[in-house]
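S.K.: sharing a model prediction with you, sequence too.
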Amino acid sequence: MSLFSVDESKCKRDGICAAECPVGIIIPPADEQVPRPAPDAAELCINCGHCVAVCPHGALALKTMGPDNCPPIKKEWLLSVEQAEHFLRARRSIRVFRKRPVPRETLAKLIDIARFAPSGHNTQPVRWLVFHDSTKIPDLAGLVVDWVKYMLVEMRELALSLHMDRVVDKWNQGFDAVLRRAPHLIVAHGEKDERSAPAGCTIALTHLDLAAPSFNLGACWAGYFIAAAQNWPPLQQALALPQGHMVFGAMMIGHPKFEYHRLPLRNEPVITWV
C-alpha cells in the first residue's frame, strides 16, 4: 500500500481531501482520476489523519488509519455556543481534595483523552509521569520547598514577588501550599530540544484539565512544582526523567472536596482590531 489508498467506488472526486491536507501532498482529482499522493508525500506526511476525517464518503484510507477505525463524529453531542461557554466558565482550579484515591484506570483514561490534543506538526511530543502513590506527594512538595528557601536567599526580590515566603511559612505550620495535599500528580514532560514540546505539554494538560470534571475529578496547575522541576537538581534527580527530557507542565488531581455553584466574573478582554 502507498501512503494512502482511495476507494474509487466511494470517491466523488470533490477534492476535499486535497484542499484540507495541511502540508499539501495530495494531488486533486482530474480527468476522472481519484486523488493521489504527490511524489514527496511519504516524506512530508505528518500522519494527522485530516484526509481520512474530512472525507464525507469514507473513500480515503491512510496506511496508518482508515475510516473504519476512526470513530464518526456524533453531531448531536456537539456543544451549542451557550453550552460551550458554560462548560469552559464552569471549570475551576481545585485546591482542596478528598482523601479518596482515584483508580489508576481512571487517570489512564484521562490521559488517553488528553493525547488527542494538537501538537506542532503532529509531533505528539508529550510523555507522562504519574505519581499515583499519594505517600510520595509530601516528599515532592518538600523538595519544592527546599528550592523556595534557596530562592528566598539567592533571588529574594523575585521570590517575594511570587509570595514564596508565605509558602515556607505555611509549610512550617504544617500546610502544603505547593501540592495542596493532592492525592495524585500528573507530570507532562518531553525532550528539551524538541521545539513543540513546551506548547504540546501545555495544550495536552489543558485538555486533561477540561476533561477531569467528566470523571468527577478536579485539577490544578502545579506552578511552584513546575518551576522547581525545571531549575532544582534535587527534584530533577527524584523525578528521574529520561535523559534529555524536561518537565513542561504538572497538574494536581483528585476528587474535589467541595462543589462550586456560581460562575465568577473576569476582566473584560483587551482586544486590538486591525
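M.R.: Received, thanks.

S.K.: part of a strand, is A238?
M.R.: No: counting by DSSP: H, G, I helix; E, B strand; the rest coil, A238 is located in no strand; its state is helix.

S.K.: quickly note the distance from it to D176.
M.R.: 16 Å (CB to CB, to the nearest Å). Yep, even glycine has a C-beta here, placed from its N, CA and C like the rest.

S.K.: now swap in M151 and tell me
M.R.: Distance from M151 to D176, by CB to CB: 17 Å.

S.K.: neighbour-wise, which of the two wins?
M.R.: Per other CB atoms under 10 Å, whichever of M151 and D176 has more neighbours is M151, with 23 against 18.

S.K.: for the more buried one, what are its contacts?
M.R.: M151 sits next to 158-159, 164 when contact means CB atoms under 8 Å, 6 or more residues apart in numbering.

S.K.: please tell me which one of those counts the most neighbours.
M.R.: Neighbour-wise, the contacts of M151 (other CB under 10 Å) top out at M164, 23 neighbours.

S.K.: identify the residue nearest that residue in space, chain neighbours excluded?
M.R.: Counting by CB to CB, 6 or more residues apart in numbering, M164 lies nearest to V148, which is 4.6 Å off, once chain neighbours are set aside.

S.K.: run a quick neighbour tally on the one you found.
M.R.: Around V148 there are 24 other residues, counting by other CB under 10 Å.

S.K.: distance of it from F225?
M.R.: According to CB to CB, V148 and F225 sit 11 Å apart.

S.K.: overlap in contacts of those two?
M.R.: Shared contacts of V148 and F225 (CB under 8 Å, 6+ apart): V178.

S.K.: for the stretch 101-250 of the chain, what spans make up the strands?
M.R.: Taking DSSP state E, counting those that start in this stretch, the strands of the stretch 101-250 of the chain run over residues 127-131, 184-191, 218-221, 245-254.

S.K.: using a markdown table, lay out the contacts of M151 together with distance to W232 and pLDDT.
M.R.: Shown next, in a markdown table, are the contacts of M151 (distance: CB to CB, whole Å; pLDDT from 0 to 100):
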| residue | distance to W232 | pLDDT |
| --- | --- | --- |
| L158 | 15 | 97 |
| A159 | 13 | 97 |
| M164 | 13 | 98 |
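
S.K.: same list, these, but as a markdown table with distance to A141 please.
M.R.: What follows is the contacts of M151, written out as a markdown table (distance: CB to CB, whole Å):
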| residue | distance to A141 |
| --- | --- |
| L158 | 20 |
| A159 | 17 |
| M164 | 14 |
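
S.K.: tell me the phi and psi of the closest residue to G120 other than its chain neighbours?
M.R.: Using CB to CB, 6+ apart and skipping the chain neighbours, the partner closest in space to G120 is S196 (3.5 Å). When read as degrees, to the nearest 10, the backbone of S196 gives phi -80, psi -10.

S.K.: can you pull the contacts of S196?
M.R.: Contacts of S196 by CB under 8 Å, 6+ apart are 119-121, 123, 125.

S.K.: from G15, how far off is it?
M.R.: Note on S196: its distance to G15, by CB to CB, is 30 Å.

S.K.: equivalent analysis for R92, please.
M.R.: Distance from R92 to G15, by CB to CB: 45 Å.

S.K.: cool, P256 as well?
M.R.: 49 Å.

S.K.: again with R266
M.R.: Using CB to CB, R266 is found at 43 Å from G15.

S.K.: disregarding residues adjacent in the polypeptide, which is nearest to Y150?
M.R.: Nearest residue to Y150, sequence neighbours excluded (CB to CB, 6+ apart): W232, at 7.4 Å.

S.K.: neighbours of the one you found, how many?
M.R.: Quick note: W232 (other CB under 10 Å) scores 19 neighbours.

S.K.: what's near enough to touch it?
M.R.: Contacts of W232 by CB under 8 Å, 6+ apart are 143-144, 146-147, 150.

S.K.: got the angle for the lengthiest helix in the chain vs strand 127-131?
M.R.: Identified as the longest helix of the chain according to DSSP state H is helix 137-154. Angle between the axes of helix 137-154 and strand 127-131 is 110 degrees (criterion: axes from the mean of the first three to the mean of the last three CA atoms, to 10 degrees).
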